[in-house]
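**Q** Quick one, what's the 3D model for this:
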Amino acid sequence: MNDILTRKPIAICIDDEEMVLESLQMELSECLGEECDIEVAQSGKEAVTLVRELMEKGEHVAVVICDYIMPEMKGDETLIGIHNIQPNIVSIMLTGQSSTDGITNAINNANLYRFVNKPWQGAHLSGIVREALGKYKSSLSENASAEALEAVSGENAELKALREILEKEVGKRTQDLLETNISLQQSNDELNNANKLKIRLLSVVSHDLKNPLAAIRSLAEILTMESKPDIQREIVDMMQSTVERMLNLIKDLLDTAALEMGQMKLYPLHRSVKELVEAICFDYAHAAEAKGQGINIEAAHPFLADIDERRFRQVLENLISNAVKYSPKNTTITVRFSDAENNMMRIAIQDEGPGITHDDKEKMFQFFQRLSAQPTGGESSTGVGLAIVKQIVELHNGKLWVESSPETGAIGSTFFVEIPLHQPSVSLG
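**A** Presented below is the predicted three-dimensional model:
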């Protein structure tokens, strides 16, 4: 036991992302290199094997820092496997998203010491690992003292029973505190997200509504001074167009708030999605013709599905209007219907625009994101349409994705919407 207390302990970092693993190893080696050796593993199975091999060589693993979201073997399962090999190892979990079940499982079955949210702060994580090293050494010292005491006189049975009761009570209180901490962190995250949404909404309102309102005011002043009917008509048209953009922006902002607060509800009915697309294409025919564009619909049958017609119209209008908005003049937009597996239907909206870069794909379905592509006719964009579309599709138990590779020279983009033909508890009215 004394030999173990004087040797340098080992800390193992576990994460399936190589970049994250390298960052962990670099930060901990820099801060704790004199206190412990740093080993790494890219999966739960690899980590369990590494711990077993190190223990067989007589090394002592003091701490493991393990990511929660990993393929095959999640973080809590990994920590439990390591705990079963050596219960004295102190475990720390990294988590990029809230997972009360996983953390609670690790607390109950792997004696989880702490959990740290991603992205972590280097000094904060190093401090926690240093505390864990101290806890490990302290437990070894306590074990050594207990063994010495037992060797001299044997442990008093009553004291042992009291100690076990105390340990259970301390463990229960620790678990209660950790679970309370998790709940508080989740509540804090929700408040932070709500505050960020409020700031974004206020920013959009102050910027994107202030300018059109100022334009309407200026146009109204000109209208009061202008006597020529043709020019008056042109000014009125400009004011109507500006008001329409403002109304669309307000609608998008209200939908954004409803989605973020979980208050958007669907009322699906059995409807022909093909007929809905035909009606939308008719509405956008004038805008497409003004740019010399054609819109083709390819569908073998009516494609009946359970949809909230108003909300699903919003999905299709956004995707079709974007195709018109971002496609060059004299190009073709194609809407294709097809049957998909598992009683699903698929709609593909294909354009001949500039395509969507890899960087834009990473953020295009997030709220308040402006992409690098620009409308080809001076149209406006609020930066929330695709985020709303994605969540409406997911409320229909469907999925939305895009295929586009401008980096390879390929032309255009294709957006895919896939939804089930039947939703649970739907009226056939």
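
**Q** Quick check: pLDDT value at residue 135.
**A** We have a pLDDT of 88 for residue 135.

**Q** Enumerate every residue touching it.
**A** Contact analysis of residue 135 by CB atoms under 8 Å, 6 or more residues apart in numbering lists 90, 113. From N, CA and C alone the C-beta is placed, and that goes for glycine too.

**Q** please begin residue numbering at 2 from this point
**A** Done: numbering now begins at 2, and the last item shifts to residue 136.

**Q** In three-state terms, how would it be classified?
**A** Following DSSP: H, G, I helix; E, B strand; the rest coil, we place residue 136 in the helix state.

**Q** least trustworthy helix or strand in the protein by mean pLDDT?
**A** Least confident helix or strand of the chain, by mean pLDDT, DSSP states H and E, is helix 3-7 with a mean of 54.

**Q** Domain boundaries for the protein, per the record?
**A** Following the assignment in automatic domain parsing, the chain carries domains at 3-156, 193-261, 270-421.

**Q** Can you give the distance from the first one to the centre of its chain?
**A** Relative to its chain's centre, domain 3-156 lies at 27 Å (CA atoms, centre = their mean, to the nearest Å).

**Q** From what I see, residue 66 and residue 25 are in contact.
**A** Yes: the pair residue 66 / residue 25 is scored as a contact, 6.6 Å apart, by CB atoms under 8 Å.

**Q** what residues are shared contacts of these two?
**A** 14, 126.

**Q** For residue 338, list the residues it contacts.
**A** So residue 338 contacts 274-275, 278, 298-301, 304, 346-348 (CB under 8 Å, 6+ apart).

**Q** do residue 162 as well
**A** Contact analysis of residue 162 by CB under 8 Å, 6+ apart lists nothing.

**Q** Extract the residue ranges of the stretch 202-351 of the chain that are flagged as low pLDDT.
**A** Residue ranges of the stretch 202-351 of the chain with pLDDT under 70: 202-216, 242-243, 245-246, 249-250, 253-264.

**Q** Mind doing that once more with 90?
**A** Residue ranges of the stretch 202-351 of the chain with pLDDT under 90: 202-269, 284-285, 287-288, 311-312, 315, 319, 327.

**Q** can you map out the strands along it?
**A** Using DSSP state E, counting those that start in this stretch, the strands of the stretch 202-351 of the chain run over residues 270-273, 295-299, 305-308, 333-341, 345-351.

**Q** closest to residue 132 out of those strands?
**A** Across these, residue 132 has its closest neighbour in strand 345-351 (50.9 Å, CB to CB).

**Q** Now do the buried residues in the helix or strand containing residue 39.
**A** Per DSSP states H and E, residue 39 falls inside strand 38-42. For strand 38-42, a neighbour-count test (16 or more other CB atoms under 10 Å) marks 38-42 as buried.

**Q** and if you look at stretch 344-354?
**A** Within stretch 344-354, the residues scored as buried using 16+ other CB under 10 Å are 345-354.

**Q** Let me know the helix or strand that residue 30 is in.
**A** Here residue 30 sits within helix 19-33, counting by DSSP H and E.

**Q** tell me what that helix is packed against?
**A** With contacts defined as 3 or more CB pairs under 8 Å, 6 or more residues apart in numbering; DSSP states H and E, helix 19-33 has these neighbours: strand 11-15, strand 38-42, strand 62-68, helix 123-154.

**Q** Deepest-packed of the strands of the stretch 202-351 of the chain, please.
**A** Sort these by mean neighbour count, taking mean count of other CB atoms under 10 Å, and strand 305-308 sits at the top with a mean of 22.

**Q** Sheet partners, orientation included, of that one?
**A** Taking DSSP bridges as the criterion, strand 305-308 sits next to strand 270-273 (antiparallel) in its sheet.

**Q** can you tell me how far the closest residue to residue 314 other than its chain neighbours sits from residue 322?
**A** Excluding the flanking residues, the one nearest residue 314 by CB to CB, 6 or more residues apart in numbering is residue 277, at 6.1 Å. Note on residue 277: its distance to residue 322, by CB to CB, to the nearest Å, is 14 Å.

**Q** For residue 75, which residues are in contact?
**A** Here residue 75 is in contact with 45, 69, 103 (CB under 8 Å, 6+ apart).

**Q** any idea of the pLDDT on the closest residue to the second one other than its chain neighbours?
**A** In other words, residue 69. Ranked by CB to CB, 6+ apart and with sequence neighbours excluded, the top spatial neighbour of residue 69 is residue 76, at 3.7 Å. Residue 76 carries a pLDDT value of 90.

**Q** I'd like to know how many residues surround residue 76.
**A** 31 (other CB atoms under 10 Å).

**Q** Go ahead and confirm it touches residue 68.
**A** Yes: with contact defined as CB under 8 Å, residue 76 counts as touching residue 68 (5.6 Å).

**Q** any shared contact partners between these two?
**A** What both residue 76 and residue 68 touch, as defined by CB under 8 Å, 6+ apart, is the set 15, 94-96.

**Q** Quick one: those as JSON lines, columns for distance to residue 341, pLDDT and secondary structure too.
**A** JSON lines is the format used below for the shared contacts of residue 76 and residue 68 (distance: CB to CB, whole Å; pLDDT from 0 to 100; DSSP: H, G, I helix; E, B strand; the rest coil):
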{"residue": "15", "distance to residue 341": "38", "pLDDT": "94", "secondary structure": "strand"}
{"residue": "94", "distance to residue 341": "38", "pLDDT": "89", "secondary structure": "strand"}
{"residue": "95", "distance to residue 341": "37", "pLDDT": "87", "secondary structure": "strand"}
{"residue": "96", "distance to residue 341": "34", "pLDDT": "82", "secondary structure": "strand"}
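
**Q** out of those, what pair is the most spread apart?
**A** Maximum pairwise distance among those (CB to CB): 12.8 Å, between 15 and 96.

**Q** Could you check which of these two is surrounded by more residues?
**A** residue 15 (29 against 19).

**Q** ok, that one touching residue 46?
**A** No: taking contacts as CB under 8 Å, residue 15 lies outside contact range of residue 46: 10.3 Å.

**Q** before we move on, the earlier item: list the residues that contact the residue nearest to residue 69.
**A** If you count contacts by CB under 8 Å, 6+ apart, then residue 76 has 15, 45, 67-70, 94-96, 103, 107 around it.

**Q** right, and out of these, which lies closest to residue 127?
**A** Of all the contacts of residue 76, residue 95 has the smallest distance to residue 127: 13.5 Å, by CB to CB.

**Q** Tell me how far the closest one lies from residue 320.
**A** 37 Å.

**Q** and if you look at residue 82?
**A** Separation of residue 82 from residue 320 (CB to CB): 46 Å.
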